[in-house]
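Asks: Give me a 3D structure for the following:
(6 chains)
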Number of protein chains: 6
Amino acid sequence: MRLLVANANTTEAITEACAAAARAAAAPGTQIIPATPRFGPAVISSRAENVIAGHALLELLAGHADKVDACLLAVSHDTALEAARQMMPCPVIGMTEAACLVGCMAGGRFGLVTFGGIETYRELVARHGLSSRLAGLVGVNATPPEAVADPDGVGAKVLAAVADLAAQGADSVVLAGAALAGFDRRLQPSAPVALLDGMACGVRMAEMMVALRLPKPRTGSFAAPAGRASIGLSPALEGILRGQT
Amino acid sequence: MRLLVANANTTEAITEACAAAARAAAAPGTQIIPATPRFGPAVISSRAENVIAGHALLELLAGHADKVDACLLAVSHDTALEAARQMMPCPVIGMTEAACLVGCMAGGRFGLVTFGGIETYRELVARHGLSSRLAGLVGVNATPPEAVADPDGVGAKVLAAVADLAAQGADSVVLAGAALAGFDRRLQPSAPVALLDGMACGVRMAEMMVALRLPKPRTGSFAAPAGRASIGLSPALEGILRGQT
Amino acid sequence: MRLLVANANTTEAITEACAAAARAAAAPGTQIIPATPRFGPAVISSRAENVIAGHALLELLAGHADKVDACLLAVSHDTALEAARQMMPCPVIGMTEAACLVGCMAGGRFGLVTFGGIETYRELVARHGLSSRLAGLVGVNATPPEAVADPDGVGAKVLAAVADLAAQGADSVVLAGAALAGFDRRLQPSAPVALLDGMACGVRMAEMMVALRLPKPRTGSFAAPAGRASIGLSPALEGILRGQT
Amino acid sequence: MRLLVANANTTEAITEACAAAARAAAAPGTQIIPATPRFGPAVISSRAENVIAGHALLELLAGHADKVDACLLAVSHDTALEAARQMMPCPVIGMTEAACLVGCMAGGRFGLVTFGGIETYRELVARHGLSSRLAGLVGVNATPPEAVADPDGVGAKVLAAVADLAAQGADSVVLAGAALAGFDRRLQPSAPVALLDGMACGVRMAEMMVALRLPKPRTGSFAAPAGRASIGLSPALEGILRGQT
Amino acid sequence: MRLLVANANTTEAITEACAAAARAAAAPGTQIIPATPRFGPAVISSRAENVIAGHALLELLAGHADKVDACLLAVSHDTALEAARQMMPCPVIGMTEAACLVGCMAGGRFGLVTFGGIETYRELVARHGLSSRLAGLVGVNATPPEAVADPDGVGAKVLAAVADLAAQGADSVVLAGAALAGFDRRLQPSAPVALLDGMACGVRMAEMMVALRLPKPRTGSFAAPAGRASIGLSPALEGILRGQT
Amino acid sequence: MRLLVANANTTEAITEACAAAARAAAAPGTQIIPATPRFGPAVISSRAENVIAGHALLELLAGHADKVDACLLAVSHDTALEAARQMMPCPVIGMTEAACLVGCMAGGRFGLVTFGGIETYRELVARHGLSSRLAGLVGVNATPPEAVADPDGVGAKVLAAVADLAAQGADSVVLAGAALAGFDRRLQPSAPVALLDGMACGVRMAEMMVALRLPKPRTGSFAAPAGRASIGLSPALEGILRGQT
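Replies: Numbering: from 1, shown residues only, chains lettered A, B, ... in the order given. Below you'll find the model as predicted:
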């Protein structure tokens, strides 16, 4: 199967890192197709950037409609997930969504660790209807550059956050944000509960959804768009809204 | 005060209708400044269109930053409301948000009537944290063109929906969607509970927020963006993300 | 417009302070009419006092029915708010309700600071259906007399509570209780998020509701009382229950 | 034990009917002491009346403090329940609260049937934190006089409502409102699930609470009032607020 | 009345302790009939043990069907409560359920203290639909043997937990777990709020339910089983599933 | 990988049907190992049977610990799921859990159709924390034998239920219960939204969890049992509780 790994940031290096993580996690027959938006924020870290990136991501996806078997949104905010799901003819998975659902199947409640602000992640978990499965969130006081420069120091902070969440009742912990990629493998031996990486969970969930061959709904708010007029959009995006897939 | 009435659809006629409704509702000293996005869907009616319109709307707002005292999003989906609120230096109000909050102050629970699908409105009310104040939603089986061609026939359908919601316990009813604009005044005499129009509620709420002169938060996820890099955005939008307001 | 500012405590000094705050917040055309109940607790600080004050407040309001355009309940417990809303022919606003709804429009979640016990405020926010918008509550260890005697010391405690709530994710903070009146203006420059004063929010919300000219519901639990018999009530209250407004 | 059965309506006939029902339900050693308020609505049927009756009920209770072992509020709205609980030195039970909690122990979810409006009962169940245990509410189209004049016809309507609620998943049904008193015994043989009468449940719950001999909290919002000043209240009520019990 | 006090652990000493506590709490006419399962965990302290004990408990109960007037499950996990309630012809009460419901009638919110893990108790309160009435849970760092060896030291830890919960807003505190039996009487004089013992609350609630003489539902998921085939069960359990009670 | 498909009913024919469905859904490298409990209900259809089957299922699983890579509980009630998850060293998946989580990734809300009673399924979805993602439940008036005898007639009833749920806002529908196995493939072409079969979803989810190689938690309520004493259990079950895996 062909899996589009669609970054919502315009930083190519993040796309490449995500693609590498996806390839490491994928089943043998899964081909990873990385993609980066044409415009938008370098790295999403605010509400406004996330909205802009949503458009950029839909444009990116529209260019791959009917060329891939599934899409994995390689952005921890699950940017434009429901819209992408409605628009595309194939399954679309959000990486944090996937990690949270794996956390559900790991049992009990999950925690979430990220760098910096946690409020939009709290809202994201609520948007997925999983607030009662969330044990807590911790925003580690570290930046992506620090994570690169001092992985051990930052790793210790992340482990402390994981231990804190386990004490609050978390039975697993989602690591959210591209800057935390790879920390799950490094820190897992020292962690009391499972660490959940969105790319790994997302790739496997995408493979699972493709295997199930579910039809697209013909009714409701996830039915494919058709006959929608627009101006100023990319030809592919304009076409998919008109129903030309 | 100067109130930007920002449409999220690219249909000028809707912008004009909204501006007229806003002027009719505004206090004497309120100047209505209508605006239409440069790109995007003609009329938002799906999840994908709503995401695209979010970017278009932020671009539109960025071009008016520091030129207006408040913004009213003239779109019943409250498109990109939280992002706009974070990005802009002035209050930003969503028209359905405003109507729902007026419904709260009318007392008890409110209902919501729209044309067509109701699920995204159910999600919108949940996003505002008001699900427990929602008595029900009804999607009237009618289209905007029908509302223009046969206002009495469609009005009768809307009244039936209002009566249905009142029987379910609604103490007021939000009319959601540009196509329902003006129906509140026409149908109110026959309705058992107050009909809430998003433009009227939104204009008055915007005036109220301006009067309160609340400062912008200096911390948290609604603090103004600064230092954010991006590519391919309009100069105004790119600038506001960098912090050049 | 004529706005009744109805205290629920029998302490005249509180009524006067509230009226002054209301006048400072009001639009030019708004006339503030202060009123104090004939009986009841000097200062409400328990569940039992709040119930007694509810009756006293309704009696007070009944005496002003048809003489005012709106009522603002000048009591942070939103005492008898729903009952007053049902009984009166005009809009009725609770000051904490108003501040919480302004907090919603400020974005994200709000916190609440008061002196002393917080549990009844937690219940009040739940009664308004806004629990999911509440980031937290802090009961500052201070008394109203201390606030008068040592405003700087108490102000420092309030600021610490505000900072604590902002760290918990509050994007704005409601200051609840008459003893905190005026602290918003004094402390705002030092606070990281907007401080919300119930009197200011309430006056502006009342003006907004009057401007919208919503009809009273003819059905449901907020329809005006009629034909209700009673004994031992004030003539005005007895009359309004019988439907003689 | 001495159990005060405190009506919140001023209609003596209701007090007598409640007292009779209480006596029929009570254990041998339980002495029923009926009481009627000095002022207030003849029969509570609106939000405003319920607030007024709250004061009347507290005054009534204050006159019996230290003379009874427990209080049962003989009013289906559980009027002023939390306030009474805070104020009195003995256990206080609400009749609908009691019936709902018995419904919990009957298993699964309960329904509620009343005459007329259901919205305030929906709010009451939410106030008790039991919304997730509520299968549904039905407002039977009948009046108390009709229930007296045509008990069989009205009984058939109530049975239809019970069957409707059972089909919605109710495993028991609360009959709320004095006018439904006695219907549980008459209709039970024909009902598919248990019918719960507030007076019977309340008397037994009051006996249970007395048997447990729980101490009054010394802290929090249910600790006894003390040192509270007031004007215009009955001597007993004024005294209990000052702490003279 | 005859009250079966059914342990779900196979440790006879716990059964005897529970029976003694039940006798101390019971009304004069209540005969306590203790019972211990034939198989299962010595002391339930994990999810797997709780499931196994559920079967053992149902087998135990089936052997007493029609010989007792009510059953009290003497296990703080309310093991198999809903199943037992469905299966038995008489009322069945869970001891933690009973304590939580008494906590509701004590007013406001309750806390819960246990030894060790709290997550399954959090789930139990949610299963009863009472999460919004729960102020918090504390797992005291002590073991049952320590409670026997050093009751004063452990008692001090429990009191600290109770004080912590009261500060979080608890108006009463449930003591959960057999090892905490008796601590309520010893610690109550030093505790700021009521301590709730599951055996005491459960015995009184069982007496109350018997007094109410509610019929068993004839429909829904709590109707008695009938015509169910099975293999390998005890004759009594096999019989009750077939409907031979 | 080796996947245990563990029935919780003692009817071999159901085990075989489930195993066949599992084989049809599995990836090439997945070996299906069917298993049937030694004792318990022939077909679970009540709360009591479900509890008994929980023990039987744990005994069955314990006999396969360390011999399989994952377990799929082939019972639509997700019987003893959390206990099994705690006890076993490998991933354990519930078939209805899996279908519900796939429904989440299909987008929006899911519905659920079963034969007969729906209340325990409503509770099951709540236990998984997914109530806000549930659009509705329908209990089709049909029995398993009827489904075999008249698949077209029963299929028409199921399709009507699916259409009803789609009209209530369901974007996918879970078919719950062994008797509905295979209906998804037969009815899908006529259904407006995706039909979700628990066995297919469960097999794929189990494969996904195995691929992720998550460690077992070393702390919390899902850590493996150890040192637990018991009597009367099967050697394997007794051993796994003692920690001899």
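Asks: Work out which residue lies at the spatial centre of chain A.
Replies: For chain A, the residue nearest the mean C-alpha position is residue A:95 (2.5 Å; C-alpha atoms, centre = their mean).
Asks: May I have the residues that are in contact with that one?
Replies: The contact partners of residue A:95, taken as C-beta atoms under 8 Å, 6 or more residues apart in numbering or on different chains, are A:72-76, A:78, A:198-199, A:201-202. C-beta coordinates here come from the backbone N, C-alpha and C atoms, glycine included.
Asks: For chain A, which segments are assigned as strands?
Replies: Secondary structure of chain A by DSSP state E: the strands cover A:2-7, A:31-35, A:40-41, A:70-74, A:92-94, A:109-115, A:134-140, A:170-175, A:194-197, A:230-231.
Asks: Tell me the neighbouring strands of the first one, and mark each as parallel or antiparallel.
Replies: Yep, that's strand A:2-7 we're talking about. strand A:31-35 (parallel), strand A:70-74 (parallel) (DSSP bridges).
Asks: How about the third one?
Replies: Sheet pairing here is set by DSSP bridges, and for strand A:40-41 it gives strand B:230-231 (antiparallel).
Asks: which residues sit against the partner strand?
Replies: With C-beta under 8 Å, 6+ apart as the criterion, strand B:230-231 contacts A:10, A:39-42, A:49, A:52, B:237-238, B:241.
Asks: and which of these is nearest chain F?
Replies: Checking the contacts of strand B:230-231 against chain F by C-beta to the nearest C-beta gives residue A:52 as the nearest, at 22.7 Å.
Asks: pLDDT at the closest one, what is it?
Replies: On pLDDT, residue A:52 comes in at 98.
Asks: Run a quick neighbour tally on it.
Replies: Residues near residue A:52, counting by other C-beta atoms under 10 Å in any protein chain shown, number 31.
Asks: now swap in residue A:41 and tell me
Replies: 27.
Asks: if we can go back for a sec, most surrounded residue in the contacts of residue A:95?
Replies: Neighbour max across the contacts of residue A:95 (other C-beta under 10 Å) = residue A:198, 33 neighbours.
Asks: can you pull out the helices in chain A?
Replies: Using DSSP state H, the helices of chain A run over residues A:12-25, A:47-62, A:81-87, A:95-106, A:119-127, A:144-149, A:151-167, A:183-187, A:198-212, A:235-242.
Asks: Now render the strands of chain A as CSV, adding mean pLDDT.
Replies: As requested, the strands of chain A are exported to CSV (pLDDT from 0 to 100):
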stretch, mean pLDDT
strand A:2-7, 98
strand A:31-35, 98
strand A:40-41, 98
strand A:70-74, 98
strand A:92-94, 98
strand A:109-115, 97
strand A:134-140, 98
strand A:170-175, 98
strand A:194-197, 98
strand A:230-231, 97
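Asks: Only C-alpha atoms, please: export the worst-scoring helix or strand of chain A on mean pLDDT in CSV.
Replies: Within chain A, no helix or strand scores below helix A:144-149, which has a mean of 89 by mean pLDDT, DSSP states H and E. Only the C-alpha atoms of helix A:144-149 are listed here, as CSV (Å, rounded to 0.1, in the frame of the first residue of the first chain):
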residue,chain,number,x,y,z
PRO,A,144,13.1,21.5,20.1
PRO,A,145,16.7,22.9,19.7
GLU,A,146,17.5,22.0,23.3
ALA,A,147,16.2,18.5,22.6
VAL,A,148,18.7,18.2,19.8
ALA,A,149,21.6,19.8,21.7
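Asks: close to chain B, is that helix?
Replies: No - against chain B, helix A:144-149 shows no contacts by C-beta under 8 Å from any C-beta of the partner chain, the least distance being 13.3 Å.
Asks: For chain A, which residue gets nearest to chain C?
Replies: Nearest to chain C in chain A, going by C-beta to the nearest C-beta, is residue A:119, at a distance of 5.0 Å.
Asks: So that residue sits against residue B:221, correct?
Replies: Yes - counting by C-beta atoms under 8 Å, residue B:221 is a contact partner of residue A:119 at 4.6 Å.
Asks: How about the residue nearest to the centre of chain A: what's its closest non-neighbour residue?
Replies: With sequence-adjacent residues excluded and distances taken as C-beta to C-beta, 6 or more residues apart in numbering or on different chains, residue A:95 is closest to residue A:198, at 3.2 Å.
Asks: Run through the residues of chain A sitting next to chain C.
Replies: With C-beta under 8 Å from any C-beta as the criterion, chain A meets chain C at residues A:118-119, A:122, A:126.
Asks: Quickly check those for the two that are furthest apart.
Replies: Greatest spatial distance among the residues of chain A next to chain C (C-beta to C-beta): A:118 and A:126, at 12.4 Å.
Asks: got the domain boundaries for chain A?
Replies: Using automatic domain parsing, the domain parsing of chain A gives A:2-95+A:201-242, A:96-199.
Asks: pLDDT below threshold where in chain A?
Replies: For chain A, the stretches flagged by pLDDT under 70 are A:245.
Asks: My guess is residue A:12 contacts residue A:38. True?
Replies: No - look at residue A:12 against residue A:38 with C-beta under 8 Å: they stay out of range, at 12.0 Å.
Asks: and residue A:244, how many neighbours?
Replies: Neighbour count for residue A:244, taken as other C-beta under 10 Å: 11.
Asks: Just give the nearest non-adjacent residue to whichever residue of chain A sits closest to chain E, would you?
Replies: Taking C-beta to the nearest C-beta, chain E has its nearest neighbour within chain A at residue A:169, 5.0 Å off. Take residue A:169 and drop its neighbours on the chain: the residue closest to it by C-beta to C-beta, 6+ apart is residue A:135, 4.5 Å away.
Asks: List the contacts of that neighbour.
Replies: Counted by C-beta under 8 Å, 6+ apart, residue A:135 has contacts A:108-111, A:165, A:168-171.
Asks: just checking, residue A:45 touches residue B:229?
Replies: No - judged on C-beta under 8 Å, residue A:45 makes no contact with residue B:229 at a distance of 10.4 Å.
Asks: Who has more neighbours out of those two?
Replies: Using other C-beta under 10 Å, the more surrounded residue of residue A:45 and residue B:229 is residue A:45, with 21 against 13.
Asks: one step back: specify which member of the contacts of residue A:135 is nearest to residue A:64.
Replies: residue A:110 (30.7 Å).
Asks: number of nearby residues for the closest one?
Replies: 28.
Asks: if I look at the closest residue in space to residue A:178 that isn't next to it in sequence, how far off is chain D?
Replies: Leaving aside its sequence neighbours, residue A:178 sits nearest to residue A:14 (C-beta to C-beta, 6+ apart; 5.2 Å). If you measure residue A:14 against chain D using C-beta to the nearest C-beta, to the nearest Å, the figure is 42 Å.
Asks: For residue A:14, which residues are in contact?
Replies: Residues in contact with residue A:14, defined by C-beta under 8 Å, 6+ apart, are A:7, A:43, A:74, A:178.
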